[in-house]
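[1] no sequence for this one, just the structure:
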């Protein structure tokens, strides 16, 4: 037992250390400890030493520039415009401060049925002057009938409608036949343009009633005859007219004409003149916007992405490759802004055009409602 114990205490000969060997081991351990301590102290020295200058790593990165709310809004407008293969013009205005933001704000666009906003203004101006009454009955002259809407009524001898009803049909249903009766009562296209210019609005012109506007869009210029007869003859002679209608393709030649056009800024100025009360009496202004607030066309345009229940008074315009919407939107706090969105020369279809307009209206809504410290005052990107 003792032998075994002694045997346990005696290390194998290969592992035995002499006294000198033990001393050498201790010296090695001391040197390793000193090396570790030196490394630790060196590390602490680096930690507490001053950081190297920026030049040691090259020039410092440029600070991120925070975009202003205005720049972000215009950037969004530009982004929406890429949804079209044509040209997009958008203009919005805070009707309290006059702040205006726009892209392609001074570019001419075909108004299509958006021109009916100018027709209504001229009619209400005549009402204010006592030359027309809302309950006046206007005859439905068969020579003024085009297509769709109430065209069937024009074949009834003695048929007539009140000015009030014709305004509703024109602005709410975009009825072309009702419009042309009102254009005639307004004194014709030249009288409407004169009215607009008298308000100080430049860049908006009315050259045709709706029937002749459609003739130009079709590329025909008949001198006489009824609209349906002339249009049907033109379609038989040129089947491409039918294809263009079915595929909603633009007439590029028509889109470059200056007749019956407006810039987004000009239409914005017209809406501003109405809303400010400078163009019409308070009663006529209220009636105009009340009728426009019940517009039945363009559900996917200005109102398409706004919060449910948002009050909007607007008027749409649609033609081959053209989609427009113009109007006034009321914010939850009672403030109002005007929005004009024009799309022309577009071949992607009405759904794409509708989305552009809806996106633009919602971006403007959020901007005017939420953007802090906006630069109040005119601003325009053209």
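    Perfect, thanks for sending it. Here the structure is a predicted model, which is why all the values come from computation and not from measurement.
[2] and residue 229, what element?
    Taking DSSP states H and E as the definition, one finds residue 229 inside helix 227-237.
[3] Next, the buried residues of that helix.
    227, 230, 231, 234 (16 or more other C-beta atoms under 10 Å). For the C-beta atoms, the positions are set from N, CA and C on the backbone; glycine is no exception.
[4] What's the end-to-end length of stretch 314-326?
    In stretch 314-326, first residue to last residue: 5 Å (C-alpha to C-alpha, to the nearest Å).
[5] and that stretch, what's its mean pLDDT?
    Stretch 314-326 carries an average pLDDT of 97.
[6] same check, this time on stretch 263-283
    98.
[7] mind listing what's buried in it?
    In stretch 263-283, counting by 16+ other C-beta under 10 Å, buried: 263-275, 279-280.
[8] before we move on, back to that, hmm, who's touching the helix holding residue 229?
    Helix 227-237 has contacts (C-beta atoms under 8 Å, 6 or more residues apart in numbering) with 145-147, 151, 211, 214-215, 218-220, 222, 241-242.
[9] which among these end up buried?
    145, 146, 151, 211, 214, 215, 218, 220, 222, 241.
[10] Am I right that residue 338 sits in a helix?
    No - the assignment for residue 338 (DSSP: H, G, I helix; E, B strand; the rest coil) gives strand, which keeps it out of a helix.
[11] Where does the prediction get shaky in the chain?
    Along the chain, the model assigns pLDDT under 70 to residues 1-67, 372-382.
[12] so where do the strands sit in it?
    For the chain, the strands defined by DSSP state E cover 87-94, 100-103, 109-110, 137-139, 160-162, 261-262, 312-319, 322-330, 336-344.
[13] would you list these in a markdown table and tack on distance to residue 304 and mean neighbour count?
    Shown next, in a markdown table, are those (distance: least, C-beta to C-beta, whole Å; neighbours: other C-beta atoms under 10 Å):
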| stretch | distance to residue 304 | mean neighbour count |
| --- | --- | --- |
| strand 87-94 | 15 | 26 |
| strand 100-103 | 19 | 24 |
| strand 109-110 | 20 | 28 |
| strand 137-139 | 34 | 15 |
| strand 160-162 | 31 | 16 |
| strand 261-262 | 22 | 26 |
| strand 312-319 | 10 | 24 |
| strand 322-330 | 9 | 26 |
| strand 336-344 | 11 | 28 |
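[14] Save the ones you listed as a markdown table, and put in distance to residue 73 too.
    Output for those, formatted as a markdown table (distance: least, C-beta to C-beta, whole Å):
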| stretch | distance to residue 73 |
| --- | --- |
| strand 87-94 | 8 |
| strand 100-103 | 6 |
| strand 109-110 | 20 |
| strand 137-139 | 43 |
| strand 160-162 | 42 |
| strand 261-262 | 22 |
| strand 312-319 | 19 |
| strand 322-330 | 15 |
| strand 336-344 | 12 |
